[in-house]
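1. I would like the atomic coordinates for the input below:
(chains A and B)
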Amino acid sequence: MDDLAVLDASGIVKTFGAVRALTDANLRVGEGEVVALMGANGAGKSTFVKIITGALRPDAGNVLIRGREARVGNPAEARRSGLVPVYQEPSLIPDLDVGDNLRLGDTPVGPFMDWVRELGVEDVRLADMISDLPLATLRILDLARALASEPDVLLLDEMTAALPTDLVERVLTVVRARANDGMGVIYVSHRFTEISELCDRASVLRDGRTVGDLEIEPGVEERAVELMLGQKLDLSHREGAASRGAASGASRLSVRNLSAGPKLTDVSFDLHPGEVLGVVALEGQGQDELFEVLSGFEKPTGGQVEVNGRPVSFSHPADAIAAGLTFVPGNRAEALLAQRSVRENIALPFAARPRSWGPLKLGRERERVRYAIDKLQIDTRAQGEAQMLSGGNQQKVTIGRWLATGVETLLLFDPTRGIDVRTKRQIYPLARELAESGAAVLFYTSELDEVALACDRAIVIFNGRVVDTIEASDADEQTLMRAAYGLTGTEAVS
Amino acid sequence: MSATDTNPPLARLGRLMRDNPMIPLVVFLILLIATLEVMRPGIVMPFRGGRDGLISTFWVGNLIKFAIPLAMLAACQVLTMLTAGIDLSAGIVATVAAFVCATLSSIWGVAPAVLIALASGLTVGIVNGIGVGLVRVHPLIMTLGTGLIATGCLQVYQRLVINAGAEIPGFLVWLGTGRTLGMPNGLYLFIPFAAFVICLMRFTGFGRILFALGSNERASMLSGVRSWQVYLALYALSGLIAALAGLLYLGIIRQTSLSLANPLLLPSVAAAVIGGTSIFGGRGSYAGAIVGALILRVLDTMLTLLQMPEGARTALFGIIILAVTALYVRITGSR
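-> Next up is the predicted model:
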């Protein structure tokens, strides 16, 4: 549109320890231009966003806003120089009212209220407490606040996730109109429909590098998916996938029309004994809520869960465990007793119920813990305190806990997140082996190649509902990625 | 870390102390006793030969006698602190148990009096457990509240029994003041008690869960622990132990008052902390707390000997507790 770039980030490099998060990330937004920033999980998108907004300092490269170097590493400075971000989680202080939140950021009240009305929210007063307002309204307020400060560049990071459709439309219309008046917009999103409606270009990030800049035109989705995956459509790892027989018989876990919170709207599937069922979803599509419900941490708002044909309702994880559903969370810190020994960590479920509060059965405990350690090949050189173990070994400990007690249905939530390749390669066969011995495994993963390696089939969740079921033999990354972005036409509910 | 790494012997010493936190505690206790002997020669080692031997069993017995109720109340603190809690009602519960026992003994006889005294402690404990476990009130607030309620109830109760008079049960006096083989009889009650607490912490499922809850409550829930059950049992046990400590203290002091054991509360917290129990939960040892209680008793004796005014003594006591805790944390690298 215009030659003058309002934002120009070039040659951005960022490393965390040994991990190179960004190797060469670039983004240029012209005046009045709306640019989508895309990338698969782990491509470095969130690191890049943090650098652009000044929350992180790059190791190399620079960020120019209107040709001036933004004092990067300082969000307030970036904001002052004209870049204002709006995130999925609104950055409003819950214990203050709307007016106080505006005063904190020196936002002019008049324009703010105009934008709020413009965005289609009528019933907000300055005296309303933030904590009393619904999430969707807060997102709108956050956006209105950003617009009222008249930014040069507006960064919208997944802000339409779980927003009602009519509000999404209003947001897109208003943002487009502002862009036509000259504001630059960076739009971070997983949703092709919104991107093609709103954006002029899409910039694709893969493995920390900007790999392409696409004009938005019909068919751009295919091109974007290709770019996000790269050309390495290596299918060799799929050997063995075909040999897996489909699990038969009655289902162990049967989920019908489950909904919880704003994100999980309608999920149904069956999980059979002897099966590893993959769950594929982009971030924030409702998979967190699904696992919270199945593990007994959260109550569903609708739908049914049956275990072995009997309807169940969990009010505590202990109920889920009693029904045979055991949960390994993605965040190891949630499941680990950091200061206690490996043995105490693994043996924890043994003492959970009051009837086992008496003297420990040390012999049996030692035997079961030894079994789990051997099975998982846990490195026990630093077994005195679990926090001394490597990430991979910590994850093995949290899984080993359930091997020691015996597994019926294992709920694995991204078990390979942030662990070394060698440990990953031990976890897939473990899931398979458990299934072969009669367990049922539900396996959410954020790394698409794991589906073909570990699962029999996978359900794909997009926008809170199951949009596709894919057999392992068809589960190449491209198919999964397309499905995860909601690009399959039919809504195949298993 | 890097500073100690350049100095291998020191680093090795540090590691040794981290692995065996009892060593610095016992060394400190012995140092304190030695200082006491220097301050007042003959108090610990009379050198009279004959009756008392090399070290005065009378003095040691006295030290132990007064440390026992403190160490028992410290058990309440250690156990609750393992789950990142605290029991601030323990001192008042001990007072209530002692007062109830003394007044009821003269009316209904000794056995019912003792039972009712223990039951009153159990009741306060159960209320604490319900508040902390089910209503999820912070333990500090909950136990502070029940402590105040118990104090109020005690004052009302005192009006009711004002004419009955008090009678200290004979066996409590025997436990509190009598001696067998030179040692106070209370010690023969305390040794099995301490063994019970230590075994509870180390060799039972309940103990495991206490440590687990204090380290990571969510992880414990994930493993199927219903935390309210644990809190209920824990605070009930703590109340019972506090009542037991109160009865023993009654036998030692041999008189009742409406604030008999209250001054032991804060020292019981201090004993637990000095003994290496983390107020943030997940780490603690009862053996350490026992040594902590002994250290506090020796310190108290020392300050009494200095014949300072009461105010200065209390302030100095506080300063020393802070210094000891800070030093201990520095040495063992724990919190």
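2. tally of neighbours for the residue of the stretch 151-300 of chain B found nearest chain A?
-> Going by C-beta to the nearest C-beta, chain A is nearest to B:G205 of the stretch 151-300 of chain B, at 3.2 Å. (Glycine included, C-beta is placed from N, CA and C.) Using other C-beta atoms under 10 Å in any protein chain shown, B:G205 is surrounded by 22 other residues.
3. could you find the closest non-adjacent residue to it?
-> Nearest in space to B:G205, with sequence neighbours left out and distances taken as C-beta to C-beta, 6 or more residues apart in numbering or on different chains, is A:A351 at 3.2 Å.
4. can you list the low-confidence ranges for the stretch 1-150 of chain A?
-> A:1-3, A:18, A:41, A:71-73 (pLDDT under 70).
5. re earlier: how many neighbours does the residue nearest to B:G205 have?
-> Neighbourhood size, A:A351 [other C-beta under 10 Å]: 26.
6. next up, the contacts around it.
-> A:W357, A:L360, B:G205, B:F206, B:R208, B:I209, B:A212 (C-beta atoms under 8 Å, 6 or more residues apart in numbering or on different chains).
7. re earlier: does the residue of the stretch 151-300 of chain B closest to chain A touch A:E365 like I think?
-> No. Judged on C-beta atoms under 8 Å, B:G205 makes no contact with A:E365 at a distance of 9.8 Å.
8. list residues touching both of these two?
-> Residues touching both B:G205 and A:E365 (C-beta under 8 Å, 6+ apart) are A:F350.
9. quick check on A:F413: phi, psi?
-> phi -100, psi 100 (degrees, to the nearest 10).
10. I figured it hits A:R332, correct?
-> No. Distance between A:F413 and A:R332: 10.9 Å, which falls outside the contact criterion (C-beta under 8 Å).
11. rewinding a little: pick the one among the contacts of A:A351 closest to B:L36.
-> B:F206 (38.8 Å; C-beta to C-beta).
12. pull the helix or strand that closest one falls within out as PDB, backbone CA atoms only.
-> Assigned by DSSP states H and E, B:F206 belongs to helix B:205-215. Output of helix B:205-215 as PDB, limited to C-alpha atoms (Å, rounded to 0.1, in the frame of the first residue of the first chain):
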ATOM      1  CA  GLY B 205       1.000 -43.500  54.400                       C
ATOM      2  CA  PHE B 206      -0.300 -40.600  56.400                       C
ATOM      3  CA  GLY B 207       3.200 -39.100  56.800                       C
ATOM      4  CA  ARG B 208       3.900 -39.500  53.100                       C
ATOM      5  CA  ILE B 209       0.800 -37.600  52.300                       C
ATOM      6  CA  LEU B 210       1.700 -34.800  54.700                       C
ATOM      7  CA  PHE B 211       5.000 -34.300  52.900                       C
ATOM      8  CA  ALA B 212       3.300 -34.600  49.500                       C
ATOM      9  CA  LEU B 213       0.600 -32.000  50.300                       C
ATOM     10  CA  GLY B 214       3.200 -29.600  51.500                       C
ATOM     11  CA  SER B 215       5.400 -30.100  48.400                       C
END
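13. which residues does it contact?
-> Contacts of helix B:205-215 (C-beta under 8 Å, 6+ apart): A:337-340, A:344, A:347-348, A:350-352, A:356-360, B:79, B:81-84, B:200-201, B:219-220, B:223, B:225, B:227, B:230, B:233-234, B:278, B:280-283.
14. and if you look at stretch B:152-164?
-> Here stretch B:152-164 makes contact (C-beta under 8 Å, 6+ apart) with B:I92, B:T95, B:V96, B:F99, B:V100, B:T103, B:L104, B:S106, B:I107, B:L258.
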